[in-house]
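> Just a sequence and a predicted model for now, questions to come.
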Amino acid sequence: MVHCECIAPLPTFSVESTVVSPTGLHYITSLVKESLAKKVFASQKPKEVVDDGKKKKTVDLFSVPKLEDVSYYDCLGGIPFNSTPDEVKAAYHKACLLYHPDKTGRGEEDRVFLRVKAAFDTLSNADKKRTYDSSANFDDSIPPEDLPERKFYKVFGDCFERNMRFAVTKNTAGSGKKGRRGGSTGKKGGGDDNTCPPFGDDDTPIEEVEKFYSWWIRFESWRDFTLKASKKCDHDPDAAEGREEKRWMMKEIEREAKKMKAAEVKRITTLMDRARAQDPRLRRHKEAMANEKARVAAEKERQEREEREAQENAEAIKAQEEADAEEERKTKAKNLKEKKEKDKKLLRKAKVLFRKLAMLAFEMGGDGNWESLEVQNEEVEFLADKLTIDQIPALSAALGNKEDTVDFGGVKMVREVYESVKKGADNNFLKAEEEKIRKRKEAEEAEMLEKARKAPREWSKAEQASLAKAVKKYKEGGGGRWDLIANFINANLALPIPRGKEECISEFNRLSELRKAAEAADKEKASTGKASPSEKKEEEKVVKDPNAWSDDEIKDLQDALKKFSSKMEKNERWNKIAGFVATKTKKQCVDKFKELRSKIKGKK
């Protein structure tokens, strides 16, 4: 009996292909070798392979009835699709420990080992691997157009990740998962500008989402459809009977492969288009952009409208001012013309009377009279030309001022005045007369002022506008404020009857009360929509009050519209405009603005 210990187990051996007789030493030796081989195979049980966090068990190729159904990756221990050449080589070495004939004793033509060797030869060659990967079973389906939003990220993310295997440019992650290495080229992915951003989730920034789709727009596939086309055409160029037949087969295969490539490009484009159309992030961003665009357009339109209205208002105000100025100029010119005509008539009458009185005095004769008619005419005409309308009547008065009561004693005075005026010297008589005229005018003005002060006077629009300007100019707390305000109004308007400080204070208080009442009425209307009987009476008072818009107030409104930009908050802007106008409420300013705008549009 032969003991097993006597036979040293070798690390490698082969089992003869010859049939061993069931007797003798050779038979016993073969049994021992077969037993040792089984022990070696049992000690080399496949370990679990981890790929993308999922455990995969290697396939026991000895137990597979149809090896053609096992992929080359499973033949090498279930290595990942994007394994590098070094990883393929290492997997092949491990598989040899299990399936090499020296380990199994199944012979060099063992179909299992041949399958393993074919897997290594294919996957270790980049071109063969690309062809094999392209022809392998692959899920070409893409999500539908009406996918529920809750499934969007999962379904489309997995689909993009699945199709990423064919990318010429390698990615870090197609669906937000941690990146894996390479594709058919076996290069490491990520870390460069060509890296595909992750698909992300609902919280991914829109910039990253846009980068993801931009990357897929430039997506380029290395997928080779030559083998698929060959099977579809049922052509095997290697089995062709001649070169012409082989060339024809290759052209047919190439034509079919191009069609498949075009269909692949269209499929990827459809995938991306459907994803973009259903992406909730892009939809929200599009809506936000549309809302922002509408808001900007509305804001721009509002600003342009307000600027246009302000410009129209300014032009209307300017036109009104020019019309008023022209009207005032015409009125002044007319009044001046009438005054000149009146003065001419008065001067003419004064000269006629003066000449008659002088002639009567000359005819009366007497000491100091004119030597001749020529001298008398010369002196009288000289004085008539040189003296004013106030001075000639004074000489007529010296001559008696009436034809039937001529005072000859006035001739001496007339001749003295002549000598003085002719020499350009001052004359006491004329000075005295001028002083009398001045005092008489002052007395008349004082009498008029006294009457005016005693009689109540209503404030004109111009006076109220000037009061508002003066109140803004001279702030509270200054000494003699109301005297300064009164002087400002009087100097600005050149009033014939100046306003006193008491009048200014009284009018300011009255306008303030009216303004407060109007604001209270506006608030009450805004809250109730109606005005009480007492408020109606108050409104009637306001309407009856001469607090209409003056030219100065309109100009203040125009200046305020320019000063306070339409870019300001609407309520704040009109509050400031009302404060600038001073004599008007905010509502009155708004209403006046609308009124002017309507007038301008009506004219157009």
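Sure, I can see it.
> who touches the helix or strand hosting Ser598?
Here Ser598 sits within helix 586-603, counting by DSSP states H and E. Contact with helix 586-603 is made by 309, 312-313, 315-317, 518-519, 522, 549, 554, 557, 560-561, 574-575, 577-578, 581, 584, as judged by Cβ atoms under 8 Å, 6 or more residues apart in numbering. Where you see a C-beta, it was placed from the backbone N, CA and C, and this is true even at glycine.
> so of those residues, which ones are in strands?
Of the positions in these, not one sits in strands, assigned by DSSP state E.
> Restricted to buried residues, select the residues you listed in PyMOL.
Command for PyMOL, covering only those of these found buried under the criterion 16 or more other Cβ atoms under 10 Å:
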select buried, resi 309+312+313+316+317+518+549+554+557+560+561+574+577+578+581+584
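> And the helices in the stretch 401-550 of the chain, which stretches?
Secondary structure of the stretch 401-550 of the chain (DSSP state H, counting those that start in this stretch): helices located at 410-423, 428-454, 461-473, 481-493, 501-528, 533-544.
> Most tightly packed of those?
Greatest average neighbour count among the helices of the stretch 401-550 of the chain goes to helix 461-473 (a mean of 20), per mean count of other Cβ atoms under 10 Å.
> How about residues contacting it?
Contacts for helix 461-473 (Cβ under 8 Å, 6+ apart): 459, 484-485, 488-489, 492-493, 495, 499, 504, 507-508, 511, 546-553, 556, 581-583.
> Please repeat the previous calculation with a cut-off of 7 Å.
485, 488-489, 492-493, 504, 507-508, 546-548, 550, 552-553, 582-583 (Cβ atoms under 7 Å, 6 or more residues apart in numbering).
> One more: stretch 425-436?
Gln391, Ala394, Met413, Glu416, Val417, Ser420, Val421.
> Recalculate using a threshold of 6 Å.
Here stretch 425-436 makes contact (Cβ atoms under 6 Å, 6 or more residues apart in numbering) with Gln391, Ala394, Met413, Val417, Ser420.
> tell me which of the contacts of helix 461-473 is nearest to Ser124?
Ala582 (93.7 Å; Cβ to Cβ).
> Mind pulling up the pLDDT for the nearest residue to the closest one once chain neighbours are set aside?
Distances taken as Cβ to Cβ, 6 or more residues apart in numbering place Ala468 nearest to Ala582, at 4.0 Å, with adjacent residues excluded. pLDDT, Ala468: 87.
> next structured bit after the longest helix along the chain?
Longest helix in the chain by number of residues (criterion: DSSP state H): helix 280-364. As assigned by DSSP H and E, the chain's next helix or strand after helix 280-364 is helix 373-386.
> next one: that next one to chain centre, how far?
Averaged C-alpha coordinates place helix 373-386 at 85 Å from its chain's average position (Cα atoms, centre = their mean, to the nearest Å).
> Who are the packing partners of the next helix or strand after that helix?
Counting by DSSP H and E, the element after helix 373-386 in chain order, helix or strand, is helix 391-398. Using 3 or more Cβ pairs under 6 Å, 6 or more residues apart in numbering; DSSP states H and E as the contact test, the elements touching helix 391-398 are helix 280-364, helix 410-423.
> Mind checking the pLDDT average for the shortest one?
Right, helix 410-423. Across helix 410-423, pLDDT averages out at 78.
> next one: the longest one
Over the span of helix 280-364, the pLDDT mean works out to 85.
> And for stretch 573-586?
Averaging pLDDT along stretch 573-586 yields 83.
> again with stretch 434-442
78.
> for stretch 167-175, same thing?
Computed over stretch 167-175, the average pLDDT equals 57.
> Contacts only, for Gly500.
By Cβ under 6 Å, 6+ apart, the contact set of Gly500 is Ala486.
> Got the domain ranges for the protein?
Per the record, the chain has its domains at 4-135, 149-278, 318-453, 456-541, by automatic domain parsing.
> Redo these as TSV? Include distance to Glu304.
As requested, these are exported to TSV (distance: least, Cβ to Cβ, whole Å):
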stretch	distance to Glu304
domain 4-135	59
domain 149-278	31
domain 318-453	21
domain 456-541	29
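> Find the residue at the geometric middle of this protein.
Val296 (4.8 Å; Cα atoms, centre = their mean).
> Would you check how far apart that one and Ala578 are?
Val296 is 29 Å from Ala578, where distance means Cβ to Cβ, to the nearest Å.
> Could you do Ala468 as well?
Distance, Ala468 to Ala578, by Cβ to Cβ: 12 Å.
> Any chance you could list residues touching both of these two?
With Cβ under 6 Å, 6+ apart as the test, Ala468 and Ala578 reach no residue in common.
> one step back: from the contacts of stretch 425-436, which two are the most distant?
Ala394 and Ser420, at 13.3 Å, using Cβ to Cβ across the contacts of stretch 425-436.
> Now Ala95: phi and psi?
phi -70, psi -30 (degrees, to the nearest 10).
> cool, Asn427 as well?
According to degrees, to the nearest 10, Asn427 has phi -130, psi 130.
> same thing with Ala167?
Note on Ala167: its backbone torsions stand at phi -70, psi 130 [degrees, to the nearest 10].
> Then Ser221?
Backbone geometry at Ser221, expressed as degrees, to the nearest 10, gives phi -100, psi 140.
> Check the spacing between it and Arg267 real quick.
From Ser221 across to Arg267, the span is 10 Å (Cβ to Cβ).
> Kindly report the same for Leu561.
Counting by Cβ to Cβ, the gap from Leu561 to Arg267 is 63 Å.
> now do Lys332
For Lys332, the distance to Arg267 - Cβ to Cβ - is 90 Å.
> Neighbour count for the two, which is higher?
In this view Lys332 and Arg267 are compared by other Cβ atoms under 10 Å, and Arg267 has more residues nearby, 15 against 10.
> From Glu304, how far off is the closest residue to Ala310 other than its chain neighbours?
Setting aside the residues directly before and after it, Ala310 is nearest to Leu561 in space (Cβ to Cβ, 6+ apart), at 4.6 Å. From Leu561 across to Glu304, the span is 15 Å (Cβ to Cβ).
> quick one on the thing from earlier: which one of the contacts of helix 461-473 is nearest Cys233?
Using Cβ to Cβ, the contacts of helix 461-473 come closest to Cys233 at Glu553, 93.8 Å.
> If we ignore the residues flanking it in sequence, what's nearest the closest one?
Ala465 (5.0 Å).
> okay, the one you found: pLDDT?
Note on Ala465: pLDDT of 85.
> again, but for Gly190
For Gly190, the predicted pLDDT is 39.
> Roughly how far does Lys129 sit from Ser71?
Taken as Cβ to Cβ, the span from Lys129 to Ser71 is 12 Å.
> Name the residue in those two with the higher neighbour count.
Taking neighbours as other Cβ under 10 Å, Lys129 and Ser71 compare with Lys129 leading, 21 against 16.
> Looks to me like the more buried one is in a helix.
Yes: assessed with DSSP: H, G, I helix; E, B strand; the rest coil, Lys129 lies in a helix.
> Might one say that it is in contact with Leu123?
Yes: contact criterion Cβ atoms under 6 Å: Lys129 and Leu123 qualify, at 5.1 Å.
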